[in-house]
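[1] The following comprises the amino acid sequence and a computationally predicted model.
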Amino acid sequence: MKIIYNVENYDGKDRFVIALGNFDGIHLAHRKILEETKTSAKKLGLKSAVLLLNPHPVQLLFPERSFQLLTSLEERAGILAGLGMDYLIVEQFTEHIARLSPFHFVRNYLVQTLNVARVVVGYDYTFGHRGEGTTYTLMELGKKFGFEVEIIPPVMIGGKVISSSLIRELIARGEIEKASEFLGAFFERKGKVIHGEGRGAILGFPTANLEIPGDLLLPANGVYLNLVQLRDKELFALTNVGKKPTFCTDNKTHVEVFLLDFNKDIYGQELTVRFLHRIRDEITFKDSQLLIKQIEQDLLKAQILINQKYGHLLEKQRI
């Protein structure tokens with residue numbers, strides 16, 4: 001997949017069927033839009049492309065909001081490449097772009113610069129100044145400028161319309177199994193292992209402390225069962241997301257991963273932590289012995305879950 005930063009750097013060699021949106025999380029509804037984009041491009045003998053704005057418009061327009069992303073730009077690029085898209089075009093979102101009318105956005109970007117043949121969007125897509133452009137606006141402008149528009153209807157599971165905002169709400173409440181169902185993949189976070197206080201090792205449960213970018217969403221504070229990718233190896237783990245109230249007073253959110261059946265130095269390495277199941281809420285303990293007893297109970301519950309529900313995830317590694 002070719003990545004182009006800013007449309008002005010496009011050389012004009014290919015013509016596109018292009019998907020528009022932020023594609024944060026690249027959930028099941030996004031994948032339907034992307035699949036239609038690829039299918040249409042193949043039928044027309046053109047290239048498939050995604051145009052997204054970075055940073056996310058909410059981050060620029062409403063900086064006072066505590067808005068966090070499901071996926072970083074790098075993560076989205078990796079997923080899009082894996083899905084077989086031909087191009088990713090990343091346009092820097094600025095106040096100038098935010099002020100463009102729907103007409104000028106379409107004319108300047110889609111027509112004059114990218115010369116699109118077809119545009120694919122979700123049913124609720126909006127664009128232009130204050131989101132004044134709707135799918136109807138896009139269809140009318142398509143007729144004016146000579147490109148087709150495909151509108152993908154809502155995708156639903158269990159009576160719920162899948163959206164990035166809904167998935168954010170689920171993750172913020174710790175409902176990671178439902179969030180993963182809507183994503184079409186396990187919710188995950190990637191981070192480099194950094195030095196912590198070493199308290200886990202003292203307690204008999206050495207943890208890997210992860211450095212997670214602050215603009216990425218973390219699940220609700222608590223303990224989770226995870227599947228962790230370390231280089232080419234996958235391991236089950238327990239992860240605590242939270243303030244570590246028994247020992248810490250810094251009010252920072254920490255992500256500590258205890259890898260099961262593993263005891264090696266991995267400082268500086270990257271872990272991909274996939275959230276499988278929420279074990280419990282975060283608890284404040286009176287002393288370390290009560291904490292140790294609770295961790296032992298968490299491990300027992302985790303092993304039961306692995307045996308009953310998640311053991312197949314590592315079957316290939318055992319062969």
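    Nice, I can see it. Being a predicted model, the structure only gives us computed values, none of them experimental.
[2] check contacts around the residue lying closest to H195 once chain neighbours are set aside.
    When the adjacent residues along the chain are set aside, H195 lies closest to Y267, with 6.4 Å between them (Cβ to Cβ, 6 or more residues apart in numbering). For glycine as for every other residue, the C-beta is placed from the backbone atoms N, C-alpha and C. Contacts for Y267 (Cβ atoms under 8 Å, 6 or more residues apart in numbering) come out as V193, I194, H195.
[3] The first one belongs to a helix, doesn't it?
    Read it as V193. No. Per DSSP: H, G, I helix; E, B strand; the rest coil, V193 lies outside any helix segment and is strand.
[4] So it versus D261, what's the distance?
    17 Å (Cβ to Cβ, to the nearest Å).
[5] out of these two, which sits in the busier spot?
    Taking other Cβ atoms under 10 Å, V193 and D261 do not tie; V193 has more neighbours (19 against 7).
[6] Distance check, the more buried one against F186.
    Distance, V193 to F186, using Cβ to Cβ: 20 Å.
[7] Check I4 too.
    I4 is 30 Å from F186, by Cβ to Cβ.
[8] got it, and F285?
    F285 sits 29 Å away from F186, taking Cβ to Cβ as the criterion.
[9] who's more crowded, these two?
    Neighbour count, other Cβ under 10 Å: between F285 and F186, F186 has more, with 18 against 15.
[10] isn't that one right next to F275, touching?
    Yes. Counting by Cβ atoms under 8 Å, F275 is a contact partner of F186 at 6.3 Å.
[11] list residues touching both of those two?
    In contact with both F186 and F275: S180, using Cβ under 8 Å, 6+ apart.
[12] that older thread, can you give me phi and psi for the residue nearest to H195?
    Note on Y267: its backbone torsions stand at phi -60, psi 140 [degrees, to the nearest 10].
[13] Can you tell me how far it is from I18?
    Look at Y267 and I18: by Cβ to Cβ, they are 43 Å apart.
[14] same question, P63
    Taken as Cβ to Cβ, the span from P63 to I18 is 29 Å.
[15] And these two? Which one has more around it.
    For P63 versus I18, neighbours defined as other Cβ under 10 Å are more numerous around I18 (26 against 8).
[16] Correct me if wrong, but the more buried one is in a strand.
    Yes. I18: assigned to a strand according to three-state DSSP.
[17] If we ignore the residues flanking it in sequence, what's nearest it?
    Once flanking residues are discounted, I18 sits nearest to A49: 4.5 Å by Cβ to Cβ, 6+ apart.
[18] Could you look up the SS state of that neighbour?
    Assigned with three-state DSSP, A49 falls in the strand class.
[19] now do L290
    What three-state DSSP gives for L290 is helix.
[20] I'd like to know how far it sits from V241.
    From L290 across to V241, the span is 20 Å (Cβ to Cβ).
[21] for G12, same thing?
    Distance from G12 to V241, counting by Cβ to Cβ: 46 Å.
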